[in-house]
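>>> Take a look and give me a structure for this.
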Amino acid sequence: MDWFVKKIVFGSFLCCLIYTCKPAPEIESGDRLIASVYNENLYWSEIQDIIPKDVSAQDSQLYVTGYINRWIKDQLMMREAERNIPKELNLEQLVNDYRKSLIRYNYEKILVDNYQDSTVTPDELAAYYEKNKSQYPLKYTIIRCLYFKIDGKDKNLNKLRKEMAMDQLDVSAIQALGDQANIQFTDTMKWYRALDILEQIPGDRLRIRDLEPGKSFDVSDSGFHYVIRIIDRVKENDLAPVTFIQDQLTKLILHQKRFKYLENITQELYDQELRKNNIKIYIE
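Alright, predicted model coming up:
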C-alpha cells in the first residue's frame, strides 16, 4: 500500500475516531481538531507530518492513537504542574535567566567556532601529561609489536621468522618480507590492546603474561603461521603512556585553550567598559 492510499485510509480512521468520541469543529484553514484538554487543542496539521511513511495503515492508526494519548497526558500533567507552582517560585525570573543563558551560550559557541588555534605542541602535550598522568591508569594491558599472519608456504616465512627473533630488529626489512602477509600490525610506535592481538592468534596458545618485551612467538595452524614480536608492554593499572592517550589529551588541552580564550574575551570586555565608565560598583 503506497503512502497516498495510507493517508486516505488513515484520514478515514481519524474521522471515525473523532466523530465517535466528540464532534470536532473545523477552523478557517480547513484544519481539524483531534483532541482537547481544557483550553489546549491538538489539530490534524500538528500530527500528519510526523506519521511514519513506511508503516501499514493499521500501524499508523496505532501510532496516532498512542500519540494522542501521550499528548493528552502531557497536557494534564502540565496543567497540574502549573496549578501547583510553589508561591515562592519566581517563574518569570527562571524563564528570564534561562533565556539569558541560551543567548550567552549561543554567542560563546560562535566565538569558540571562530577560534583559530587548533594545534597542540609537543611541549604542551608533555607538560600536561606530566601534570595529570596519575589520572590515567590503564584498564587493560597494551603492547607495541610486530605481528604477521603469513601463509605456511610463503617463501619468505623462514626469513621473516629469523628477522623477528633477532636481538636488533630491522623493521624495514621485516616489513618488506611481510608485505604479502594477510594480516599485519607493523606500526611499532602504535599501542594495541593486548587482547585484540591475542584474539588474532588461534588456539589460545598465548596469554597476556607471556607477552614480555623482546620475546617473539611463532604459532601455526593448518595453513598459516602467526608470527609476533613484542616491542613494549604496559600492564593493566600502570600509568598509560602519553602516546597511547595523546588524542584524548589533545582534546582536553584544546578545550582548556578555548575556555581560556573566552575568559580573556570576558576580561577584555570588562576592562573596556570599565574605562568607559559603563560599569558602576556602589559598594566597597
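
>>> how far is stretch 230-240 from where the chain is centred?
On the basis of C-alpha atoms, centre = their mean, to the nearest Å, stretch 230-240 sits 26 Å off its chain's mean C-alpha point.

>>> And that stretch, what's buried?
In terms of neighbour count (16 or more other C-beta atoms under 10 Å), stretch 230-240 has its buried residues at 230, 231, 232, 233, 234, 240. (Glycine included, C-beta is placed from N, CA and C.)

>>> Restricting to C-alpha, output the host helix or strand of the third one in PDB.
In other words, residue 232. Using DSSP states H and E, residue 232 sits within strand 224-234. Only the C-alpha atoms of strand 224-234 are listed here, as PDB (Å, rounded to 0.1, in the frame of the first residue of the first chain):
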ATOM      1  CA  PHE A 224      49.200 -20.200   8.400                       C
ATOM      2  CA  HIS A 225      51.900 -19.000  10.800                       C
ATOM      3  CA  TYR A 226      51.200 -16.300  13.300                       C
ATOM      4  CA  VAL A 227      54.500 -14.500  14.000                       C
ATOM      5  CA  ILE A 228      54.700 -11.800  16.700                       C
ATOM      6  CA  ARG A 229      57.500  -9.800  18.300                       C
ATOM      7  CA  ILE A 230      56.800  -7.800  21.400                       C
ATOM      8  CA  ILE A 231      58.400  -4.300  21.300                       C
ATOM      9  CA  ASP A 232      57.000  -3.000  24.600                       C
ATOM     10  CA  ARG A 233      54.300  -3.600  27.100                       C
ATOM     11  CA  VAL A 234      52.400  -1.600  29.800                       C
END
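
>>> List the strands paired with that strand, with their directions.
For strand 224-234, the paired strands and their directions (DSSP bridges) are strand 142-151 (antiparallel), strand 216-220 (antiparallel).

>>> Which element is encountered next along the chain beyond that strand?
helix 246-275.

>>> would JSON lines of the buried residues of stretch 230-240 with pLDDT be doable?
What follows is the buried residues of stretch 230-240, written out as JSON lines (pLDDT from 0 to 100):
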{"residue": "230", "pLDDT": "95"}
{"residue": "231", "pLDDT": "94"}
{"residue": "232", "pLDDT": "96"}
{"residue": "233", "pLDDT": "97"}
{"residue": "234", "pLDDT": "97"}
{"residue": "240", "pLDDT": "97"}
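
>>> and which of those is nearest to residue 101?
Closest to residue 101 out of the buried residues of stretch 230-240 is residue 240 (36.2 Å), distances taken as C-beta to C-beta.

>>> can you count the residues close to residue 199?
10 (other C-beta atoms under 10 Å).

>>> how about the helices in the stretch 1-150 of the chain?
Here the stretch 1-150 of the chain has its helices, by DSSP state H, counting those that start in this stretch, at 3-21, 57-83, 91-113, 122-132.

>>> In the stretch 151-284 of the chain, where is pLDDT below threshold?
Along the stretch 151-284 of the chain, the model assigns pLDDT under 70 to residues 180.

>>> for stretch 152-169, the distance to its chain's centre please.
Per C-alpha atoms, centre = their mean, the centroid offset for stretch 152-169 relative to its chain is 41 Å.

>>> Can you show me the CA trace of it as PDB?
In PDB, the C-alpha atoms belonging to stretch 152-169 read as follows (Å, rounded to 0.1, in the frame of the first residue of the first chain):
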ATOM      1  CA  GLY A 152      52.800 -21.500   5.700                       C
ATOM      2  CA  LYS A 153      54.100 -22.000   2.200                       C
ATOM      3  CA  ASP A 154      55.300 -18.400   1.700                       C
ATOM      4  CA  LYS A 155      58.900 -18.400   0.500                       C
ATOM      5  CA  ASN A 156      59.800 -15.600   2.900                       C
ATOM      6  CA  LEU A 157      58.400 -17.300   6.000                       C
ATOM      7  CA  ASN A 158      61.700 -18.600   7.400                       C
ATOM      8  CA  LYS A 159      63.500 -15.200   6.700                       C
ATOM      9  CA  LEU A 160      60.600 -13.400   8.500                       C
ATOM     10  CA  ARG A 161      60.800 -15.700  11.500                       C
ATOM     11  CA  LYS A 162      64.600 -15.300  11.700                       C
ATOM     12  CA  GLU A 163      64.400 -11.500  11.500                       C
ATOM     13  CA  MET A 164      61.600 -11.400  14.100                       C
ATOM     14  CA  ALA A 165      63.800 -13.300  16.600                       C
ATOM     15  CA  MET A 166      66.900 -11.100  16.200                       C
ATOM     16  CA  ASP A 167      68.100  -9.100  19.100                       C
ATOM     17  CA  GLN A 168      68.300  -5.900  17.000                       C
ATOM     18  CA  LEU A 169      65.200  -5.600  14.800                       C
END
